[in-house]
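Peer 1: Sequence unavailable; structure follows:
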Ligand SMILES: [Zn+2]
């Protein structure tokens, strides 16, 4: 039989997850629960809940892999949609053929190559700027992004493809090119030089790029590691050295 | 080669703002567990729904990343965006409103050999279902303090309230959770 204390005991029990009860409070609960099965069950349920909370580890709620994969796909779509909206004339006529291909390509990756922040010396190993995994079935857009502190005239950017990589274009003049040199000016702020390639073979191949201005040669590589299904794209910086 | 890109959070944000999806994904990896924990609580422990909620919220954040000016930390900026996006999405998702609370037959009639671990999982699911019935402010406080075990200062910064406001809030949130547990005590016995 329960005494008439249920309301007070329930009030104490409702603090069980919030704070340590005093010895007096625990004694009151013990005495009451000994004669009141209803409150005893409440107490047992709360102890179970408290144990569940204590045994739970933050990492038990790690983001599942399939969510990360789904997010990855959605972000790529999102970015492709953005790219479609923002059509920018980027550089001169010969490369427009390549840009035309970019419009229908699987836009993906931004290589953010900051001239101003580069180390003086050549980094022999290369510093990884970014790395992403893309679908191997789609043409791959490489976006060289140069941030200049001030307008720069007479910039030359050379893009050289390893065997197994070709420019993706309908223009036959470019299809067989192994190397392409772009000459132009960079404005202050962000400048993008995108081009589209196809990876024809599995294995690791490299797109070598150099940019020359102000008496320095800046070297960046884009490593493409293809396994048939996906391509892992790694942007590397090798710093700059005097020409 | 290293599996992840060794960038500071500031650099990652700068890159994400330029549209670098890999940088954004790295930020999600860093902060993901807190976020997914919150989504799980909002979704009453239903992982499929929590994934759905979080994915929408993260896309929303990605679209709005230009509005991040670097005045606060990235996570303090991200949290309210996610919180609001999660709520909006949950409102649209009819299924999220009622998370069923019932002992599964296997446990209730005791006829099937159920391992203790499975029972614990199920009970934990019930606990989350109860958490999801609390106000969002309560859920937020419980997620960060009790599920993610963040220090008060960090949790308060994330939510954007003073520590002195958070402490009574978590106290009352636990009380309200305790009241729900007592109301549904059969699920935990
Ligand atoms: Zn009683």
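Peer 2: Yep, that arrived. Owing to the predicted nature of the structure, the values given are computational and were not obtained by experimental measurement.

Peer 1: three-state assignment of the residue nearest to residue A:194 when sequence neighbours are not counted?
Peer 2: Leaving out its chain neighbours, the residue that sits closest to residue A:194 by CB to CB, 6 or more residues apart in numbering or on different chains is residue A:143, at 4.5 Å. C-betas here are computed from N, CA, C, even on glycine. Under the three-state scheme (DSSP: H, G, I helix; E, B strand; the rest coil), residue A:143 adopts strand.

Peer 1: Could you do residue B:70 as well?
Peer 2: coil.

Peer 1: Quick check: can you list the domain ranges of the chain?
Peer 2: Just going to use chain A. Chain A breaks down by automatic domain parsing into domains covering A:6-58, A:86-242.

Peer 1: was after chain B, sorry
Peer 2: When chain B is cut into domains by automatic domain parsing, you get B:1-99, B:100-189.

Peer 1: would you list these in a markdown table and tack on distance to residue A:51 and mean pLDDT?
Peer 2: Listed next are these as a markdown table, based on distance: least, CB to CB, whole Å; pLDDT from 0 to 100:
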| stretch | distance to residue A:51 | mean pLDDT |
| --- | --- | --- |
| domain B:1-99 | 17 | 79 |
| domain B:100-189 | 9 | 85 |
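
Peer 1: among those domains, which is nearest residue A:32?
Peer 2: Counting by CB to CB, residue A:32 lies closest to domain B:100-189 out of these; the figure is 13.9 Å.

Peer 1: Does the ion have contacts with the closest one?
Peer 2: No. Using CB under 5 Å from the ion, domain B:100-189 stays clear of the ion, coming no nearer than 10.8 Å.

Peer 1: Kindly list the longest strand within chain A.
Peer 2: strand A:230-242 (DSSP state E).

Peer 1: now that one: how far from the chain's centre is it?
Peer 2: 16 Å (CA atoms, centre = their mean, to the nearest Å).

Peer 1: Could you list the buried residues of it?
Peer 2: Within strand A:230-242, the residues that count as buried by 16 or more other CB atoms under 10 Å in any protein chain shown are A:231, A:232, A:233, A:234, A:235, A:236, A:237, A:238, A:239, A:240.

Peer 1: same thing with stretch B:75-90?
Peer 2: Buried-residue list, stretch B:75-90, by 16+ other CB under 10 Å: B:75, B:77, B:78, B:79, B:81, B:82, B:83, B:85, B:86, B:89, B:90.

Peer 1: Same check on stretch B:11-20?
Peer 2: B:11, B:12, B:13, B:14, B:15, B:16, B:17, B:18, B:19, B:20.

Peer 1: cool, stretch B:135-143 as well?
Peer 2: Buried residues in stretch B:135-143 (16+ other CB under 10 Å): B:136, B:137, B:138, B:139, B:140, B:141, B:142, B:143.

Peer 1: Out of those, flag the one nearest to residue B:71.
Peer 2: Nearest to residue B:71 among those, counting by CB to CB, is residue B:140 at 21.8 Å.

Peer 1: So the residue lying closest to the closest one once chain neighbours are set aside versus residue B:75, what's the distance?
Peer 2: Spatially, and ignoring its direct neighbours in sequence, residue B:140 is nearest to residue B:159 (5.9 Å; CB to CB, 6+ apart). Distance, residue B:159 to residue B:75, by CB to CB, to the nearest Å: 11 Å.

Peer 1: Then residue A:242?
Peer 2: 42 Å.

Peer 1: Check residue A:188 too.
Peer 2: From residue A:188 to residue B:75 the distance is 32 Å (CB to CB).

Peer 1: Compute the distance between residue A:141 and residue A:226, please.
Peer 2: Distance from residue A:141 to residue A:226, by CB to CB: 15 Å.

Peer 1: The two: who's more crowded?
Peer 2: More crowded of residue A:141 and residue A:226, by other CB atoms under 10 Å in any protein chain shown: residue A:141, with 24 against 21.

Peer 1: just how off-centre is stretch A:138-148 within its chain?
Peer 2: 15 Å.

Peer 1: who does the helix or strand harbouring residue A:159 pair up with?
Peer 2: For residue A:159, the host element (DSSP states H and E) is strand A:152-161. Paired neighbours of strand A:152-161 in the sheet (DSSP bridges): strand A:179-186 (antiparallel), strand A:203-213 (antiparallel).

Peer 1: helix or strand right after the first one?
Peer 2: Moving toward the C-terminus from strand A:179-186, the first helix or strand encountered (DSSP H and E) is strand A:189-199.

Peer 1: Enumerate every residue touching residue 78.
Peer 2: If you meant another chain, say so; for now it's chain A. B:21, B:59, B:62, B:63 (CB atoms under 8 Å, 6 or more residues apart in numbering or on different chains).

Peer 1: looking at chain B here, not the other one
Peer 2: B:27, B:31, B:35, B:61.
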